[in-house]
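Engineer: Starting from these lines, generate the structure:
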Amino acid sequence: MIGEKVIIILSFLLAFGVHAENEISLPYQSEDLHLGVASCASSTCHGAASVLLGTNVQQNEYLVWQRDDPHATALRVLYNEQSKGIALRLGLGSPERADICLDCHADHPTSAARGPRFQQSDAIGCEACHGGAERWLDSHRMPNRTHAENIADGLYPTADTAARAQLCLSCHLGNADKPMTHELLGAGHPPLLFELDTFAAILPSHYSFDEDYLARKPLATGPQVWSIGQAETARMMLAGLQTDERISSLRFPDFAFYKCEACHHAIYGSNYQEEARLGTKAGYPPLADASLRMLLLVNEQLDAEDANTALQHFRTLHQAATVGSEDLSNAINNFSAFINTLANRAGQHDYTEKDVTELLVRLSDPEGILGKYRNYDEAEQTAMALALLLDYARRENYFTVEQVSAVEGALDKIYSRLEERAKYLPEGFLWSLAEFNKLIRASK
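Structural biologist: Next up, the predicted model:
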């Protein structure tokens, strides 16, 4: 049934239930030893020259990572002139030795968690995502070993969409341990861009969704991954606002939580009308709220009668954040409670063909969700959502040729506006959107 194919199942709830209350330790936080990429790269393990048949995994994962995955070369970025300039302005010395840089450009566990074959030069290697292999390296290849047993021994649950989102966002958004700050941005670090399903699609795959995978691990559809990723992004953003120590002393969160173009450059027009609609104080930048807006869209689709209540929570959060209000914590808590309610509703909702197509129509409206095309972060998230959901709709035969053409026209307009950003950012910053667009077009 269509609904069974796109239902946002209980894994969506985990993003705000189990994970919100009992955070899973991320790989760099674990005490398990990181044994190094060399421990996984044998030709009889994950270093085969090509995919091997008759095995549970491809066994060429190491070569896929080494040859095609940008995580393998993330450390090299720290040696270029741009990185040296950023480090110089921050007083960090050599960026390739600075913890604040290595936290996200390499597997960077504590000194006590580094095994004898661990090498920082491996960049973002296997254990940066899968966890220190000390307890599961030998046992995970046993024939009767279950996936749950491996996780109990320290393997990070990347197959759980919410857990994977938390892991990716720890660097692609920033968390309490490694926040993205306005100081970093001001020193020249590019603004961060991320959407879970898009980035998964553009990375080279080192796994297959075959019968063995489905027998051992959960599998979410594209719409599920998109929704869960947006929810986790919103949750982590609100958590950052809540715990930002600068709030208590300055009554104002770090500027990294706000829209860059509010002060620097908008895609078109001015931000005065946007600020007025949000109820923010004139001259103050609004929050960088793209994922919050995507969740408003989901809420409007599931319960149109509740849309006004959701918008009021949204505006209250903006008002509190932009004036450094004493009520900021209350506003965050209220909006978080709304997200929890939405997660429960979405987890029990059967997404139909009508739901998916209406979401695409709403995403195609440049004035919807408080004018989401005006600012870069909303435009980026809208472009990725449109491309993902359009591809899903085409594969499920939801759309006519004319409808596909109309949505693609809206997507092209967003891409053309986003090209303007390339004038103000380092070359290649929009590679993810451009590459994903090519993948979507090539799949026709």
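Engineer: Which of the three states applies to residue 157?
Structural biologist: coil (DSSP: H, G, I helix; E, B strand; the rest coil).
Engineer: which SSE is the residue lying closest to it once chain neighbours are set aside in?
Structural biologist: Nearest non-adjacent residue to residue 157, counting by Cβ to Cβ, 6 or more residues apart in numbering: residue 163, 4.7 Å away. (Each C-beta comes from the backbone N, C-alpha and C, glycine too.) For residue 163, the host element (DSSP states H and E) is helix 161-169.
Engineer: State the pLDDT value of the residue nearest to residue 157.
Structural biologist: Listed pLDDT for residue 163 reads 93.
Engineer: ok, now the one 10 residues further on?
Structural biologist: As summarised for this prediction, residue 173 has a pLDDT of 93.
Engineer: got the phi/psi numbers for it?
Structural biologist: phi -130, psi -40 (degrees, to the nearest 10).
Engineer: you'd agree it is up against residue 192?
Structural biologist: Yes. Assessed by Cβ atoms under 8 Å, residue 173 is found in contact with residue 192 at 6.2 Å.
Engineer: Between those two, which has more neighbouring residues?
Structural biologist: In this view residue 173 and residue 192 are compared by other Cβ atoms under 10 Å, and residue 173 has more residues nearby, 22 against 17.
Engineer: Contact partners for the more buried one?
Structural biologist: Contacts for residue 173 (Cβ atoms under 8 Å, 6 or more residues apart in numbering) come out as 180, 192, 194, 233, 236, 237.
Engineer: how about these in CSV, adding distance to residue 103?
Structural biologist: Shown next, in CSV, are those (distance: Cβ to Cβ, whole Å):
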residue, distance to residue 103
180, 11
192, 13
194, 16
233, 19
236, 16
237, 19
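Engineer: Lowest-confidence member of those, which is it?
Structural biologist: Lowest pLDDT among the contacts of residue 173: residue 192, 86.
Engineer: Now do the contacts for it.
Structural biologist: By Cβ under 8 Å, 6+ apart, residue 192 lies in contact with 172, 173, 174, 180.
Engineer: between those residues, which has the most around it?
Structural biologist: residue 173 (22 neighbours).
Engineer: Next one: that residue from residue 148, what distance?
Structural biologist: According to Cβ to Cβ, to the nearest Å, residue 173 stands 28 Å off from residue 148.
Engineer: Could you do residue 192 as well?
Structural biologist: With Cβ to Cβ as the criterion, residue 192 and residue 148 are 33 Å apart.
Engineer: Same question for residue 218.
Structural biologist: Distance from residue 218 to residue 148, by Cβ to Cβ: 11 Å.
Engineer: Looking at the two now, which is surrounded by more residues?
Structural biologist: Neighbours per residue, other Cβ under 10 Å: of residue 218 and residue 148, the larger number sits with residue 218, 16 against 12.
Engineer: Tell me both backbone torsions, phi and psi, for that one.
Structural biologist: According to degrees, to the nearest 10, residue 218 has phi -70, psi 150.
Engineer: what about the residue nearest to it when sequence neighbours are not counted, how many neighbours?
Structural biologist: Once flanking residues are discounted, residue 218 sits nearest to residue 159: 5.8 Å by Cβ to Cβ, 6+ apart. Residue 159: 18 surrounding residues under other Cβ under 10 Å.
Engineer: My guess is residue 159 contacts residue 217. True?
Structural biologist: Yes. Using Cβ under 8 Å, residue 159 makes contact with residue 217 at a distance of 3.9 Å.
Engineer: Spell out which residues are contacts of both of these two.
Structural biologist: residue 147.
Engineer: so what's residue 66 scoring on pLDDT?
Structural biologist: Value for residue 66, per-residue pLDDT: 92.
Engineer: Run a quick neighbour tally on it.
Structural biologist: 16.
Engineer: And it, how close does it get to residue 126?
Structural biologist: 11 Å.
Engineer: go on, residue 37?
Structural biologist: Applying Cβ to Cβ to residue 37 and residue 126 gives a distance of 6 Å.
Engineer: which residues do these two both contact?
Structural biologist: By Cβ under 8 Å, 6+ apart, the residues touching both residue 37 and residue 126 are residue 62.
Engineer: Need the phi and psi values for residue 258.
Structural biologist: The phi/psi pair for residue 258 (degrees, to the nearest 10) is phi -110, psi 170.
Engineer: And residue 34, by the same measure?
Structural biologist: phi -90, psi 120.
Engineer: Tell me how far it lies from residue 169.
Structural biologist: 21 Å.
Engineer: For the helix or strand containing residue 382, could you pull out the residues that count as buried?
Structural biologist: Assigned by DSSP H and E, residue 382 belongs to helix 376-395. The neighbour-count check on helix 376-395 (16 or more other Cβ atoms under 10 Å) flags 376-394 as buried.
Engineer: which secondary structure elements does whichever strand or helix holds residue 416 contact?
Structural biologist: Taking DSSP H and E as the definition, residue 416 sits inside helix 401-418. When contacts are defined as 3 or more Cβ pairs under 8 Å, 6 or more residues apart in numbering; DSSP states H and E, helix 401-418 sits against helix 353-363, helix 376-395, helix 431-442.
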